[in-house]
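>>> I would like to see how this sequence folds:
(chains A and B)
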Amino acid sequence: MVRLADVPEAERNVILGLDLPVYDTNPAVAGRPLRERRVAVISTAGLHRRDDRPFTPGAQDYRIIPGETPAGEIVMSHISPNFDRTGYQADVNIALPIERLREMAADGEIGSVADLHYSFMGATPPDELEETAHELARHLQADGVDAVLLIPI
Amino acid sequence: MKPPRALWVPFILGRPLGQPNDPAFQRRVLRGALDLLECPVSAVPILADHPEEADGGVEMEGLACPVNYAPIEHDGSLANRLADEITSLSVWYDLGFERSGRTVFGGAGMTITEIAGAIVAAIDGDLPGPTTELSVGNTLRLAGEDLKAWVTEAANAQPGEMSAYALKAWFWTQTVAGEALLAAYEASKTSDNKSWRNQAPILIPAELR
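All right, here's what the predicted structure looks like:
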C-alpha cells in the first residue's frame, strides 16, 4: 500500500472513505513454526491463466493458478486503472511471488509451497466475498496449507 | 473471523513486493510478512511497517516517443496515426517478448491491429457485438487494457530505465494510444450502449476523467 500522500486526490478520498472493520478479539492465532508451514498465495490483482475467463466488475469468484503455470501464461484483468502495471509486466513476482517462495522453501525458511494459488478481482467489496472466502479456506485446508500470503495490488 | 497479520509497505500501488527483477529485495519483503507468523500471539502488531523503500524505477532516460519518419501518406486521422504508432513500436514489443518470454497482452483475444480498429470504431460510435461471455463494454475495456499493456511493454523494452510515474505520464500525454483511449472515453459518454458507458471510465485513471 502506497503512502496516501502519493495517491491522486480522487483515489485518496475513496480510500479515506472506506469502512474499516472492528474486531473484538486479539487478531492473531498461533500456529506451527514458519519453517514447517505450507504457504499459498492469494492475490487480489485479478490474475488468471491466459485461457481463463477474464474478471468482470463486481466479480465475486476466483481463479486458480497452479504453481507450475509459466509466467507468460498469467495475465491480469483487474478493472482498476489506478495502479501501476509496468512492474508486473516486467516481473510477475512483483504480485505473485511464487518463485521467491520456492527459493525460501529450498533454503528452509518455509516448509513448502502449495500446489495451487488463487486470485480475486480486488475491486469487489470484501464483505461480498465472505461466502467465497469460506469456500476457499476449505480448499486450502484440504491442501494442507497453514500459511497464506494475502497480497493486494 | 479474525483479521490477518499485516505488513505495511511503502511501495506504489501495483508493486506490493517493491521492486521488479530484484529477488533479494522481494525476499526481504516476504520475510517481513511471514516472520509475523513467528511473533507470540500476545505480541503480534496490528500493522507492522516494512522499513525499506523501493525506488520505483529511476526517472526516464532515453525513452522516445514513437515517431514515424516515413513520408506521411495518409490524412493524419487518429486511425492512421494509431496504426503508425503501432508499426513503430512493434519492433520494441517483439524484442521485449523475445527477451522476457512473456507478455500480459491478450486478454481481449484480439490482435493489436484488431484492437486499434475496435477502439477507433468505438470513438465513431461503431461498437462490437457482445459475445456469449462478455458485454460490449467488457470487450472494449479488455481491448483498451490490452492496448495499454502492449504499448507500455514496448516502451519498457526500449533502452534506458523509467519510473512508473513517468511511463504513465508518457502514455497518457504523448502516445496516440493514450489519445485514442481518452477519445473513446469521451465518446462513450453519449453512447446508447449502457455497458460501454459503464466500462469506459474504468480505462482512464481517476485524475484524467
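>>> Which secondary structure state does A:Val75 sit in?
strand (DSSP: H, G, I helix; E, B strand; the rest coil).
>>> wait, doesn't it sit right on B:Arg102?
No - with contact defined as C-beta atoms under 8 Å, A:Val75 does not count as touching B:Arg102 (9.4 Å). Backbone N, C-alpha and C define where each C-beta goes, glycine included.
>>> ok, the two, which is more surrounded?
Using other C-beta atoms under 10 Å in any protein chain shown, the more surrounded residue of A:Val75 and B:Arg102 is A:Val75, with 25 against 19.
>>> Identify the residues contacting stretch B:16-36?
A:34, A:39, A:87-88, A:90-91, A:93-95, A:97, A:99-101, A:103-104, A:109-110, A:147, A:149, A:151-153, B:5-7, B:9, B:11, B:44-45, B:48, B:50, B:52, B:54-55 (C-beta atoms under 8 Å, 6 or more residues apart in numbering or on different chains).
>>> Quickly note the distance from the most centrally placed residue in chain A to chain B.
Geometric centre of chain A, nearest residue: A:Ser43, 1.6 Å, by C-alpha atoms, centre = their mean. Counting by C-beta to the nearest C-beta, to the nearest Å, the gap from A:Ser43 to chain B is 9 Å.
>>> ok, now A:Ala123?
When distance is defined by C-beta to the nearest C-beta, A:Ala123 is 9 Å away from chain B.
>>> Test my guess that that residue contacts A:Ser80.
Yes - using C-beta under 8 Å, A:Ala123 is in contact with A:Ser80, at 5.5 Å.
>>> which residues sit in contact with A:Met76?
By C-beta under 8 Å, 6+ apart, the neighbours of A:Met76 are A:Ala45, A:Gly46, A:Leu47, A:His48, A:Arg85, A:Tyr88, A:Ala95, B:Val104, B:Gly107.
>>> quick one: contacts for the last one?
Translated: B:Gly107. A:Pro54, A:Val75, A:Met76, A:Ser77, B:Leu142, B:Glu145, B:Asp146.
>>> Just to be sure, it is in a strand?
No - counting by three-state DSSP, B:Gly107 is not part of a strand but coil.
>>> And it, what's its pLDDT?
Here, the pLDDT recorded for B:Gly107 equals 86.
>>> tell me the two of the contacts of A:Met76 that are most distant?
Using C-beta to C-beta, the two most remote members of the contacts of A:Met76 are A:Ala95 and B:Gly107, lying 15.5 Å apart.
>>> ok, back up a step: filter the contacts of A:Met76 down to the ones in helices?
Among those, DSSP state H puts A:Tyr88 in helices.
>>> Which member of the contacts of A:Met76 is positioned nearest B:Met162?
B:Met162 lies nearest to A:Arg85 out of the contacts of A:Met76, by C-beta to C-beta, at 13.4 Å.
>>> what residues are up against the closest one?
A:Met76, B:Gly14, B:Val104, B:Lys148, B:Ala149, B:Thr152.
>>> Please repeat the previous calculation with a cut-off of 10 Å.
By C-beta atoms under 10 Å, 6 or more residues apart in numbering or on different chains, the residues touching A:Arg85 are A:45, A:76, A:78, A:94-95, A:153, B:13-15, B:104, B:145, B:148-149, B:152-153, B:164, B:167-168.
>>> now the strands for chain A?
Remark: strands assigned in chain A by DSSP state E are A:38-43, A:47-49, A:63-66, A:74-76, A:112-113, A:116-119, A:147-151.
>>> Turn these into TSV, columns for mean pLDDT and distance to A:Asn26.
Listed next are the strands of chain A as TSV, based on pLDDT from 0 to 100; distance: least, C-beta to C-beta, whole Å:
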stretch	mean pLDDT	distance to A:Asn26
strand A:38-43	97	22
strand A:47-49	94	32
strand A:63-66	95	32
strand A:74-76	91	35
strand A:112-113	97	28
strand A:116-119	96	27
strand A:147-151	96	18
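>>> quick check, B:Ala180 in a helix?
Yes - checked against three-state DSSP, B:Ala180 lies within a helix.
>>> And the pLDDT at it?
B:Ala180 carries a pLDDT score of 98 in this model.
>>> Go ahead and confirm it touches B:Leu140.
No - B:Ala180 is beyond contact range of B:Leu140, at 11.7 Å (criterion: C-beta atoms under 10 Å).
>>> of the contacts of A:Met76, closest to A:Glu131?
For the contacts of A:Met76, the minimum distance to A:Glu131 (C-beta to C-beta) is 19.3 Å, reached by A:Gly46.
>>> how near is the closest one to A:Ala59?
Taking C-beta to C-beta, to the nearest Å as the measure, A:Gly46 falls 8 Å from A:Ala59.
>>> what do you get for B:Phe105?
From B:Phe105 across to A:Ala59, the span is 21 Å (C-beta to C-beta).
>>> Do me a favour and average the pLDDT over whichever strand or helix holds B:Gly32.
For B:Gly32, the host element (DSSP states H and E) is helix B:23-34. Averaged across helix B:23-34, the pLDDT comes to 97.
>>> Now do the buried residues in that helix.
For helix B:23-34, a neighbour-count test (16 or more other C-beta atoms under 10 Å in any protein chain shown) marks B:Phe25, B:Gln26, B:Arg27, B:Val29, B:Leu30, B:Arg31, B:Gly32, B:Ala33, B:Leu34 as buried.
>>> Tell me what angle that helix forms with strand A:147-151.
In terms of direction (axes from the mean of the first three to the mean of the last three C-alpha atoms, to 10 degrees), helix B:23-34 departs from strand A:147-151 by 110 degrees.
>>> Domain ranges for chain B, per the record?
B:7-49, B:78-208 (automatic domain parsing).
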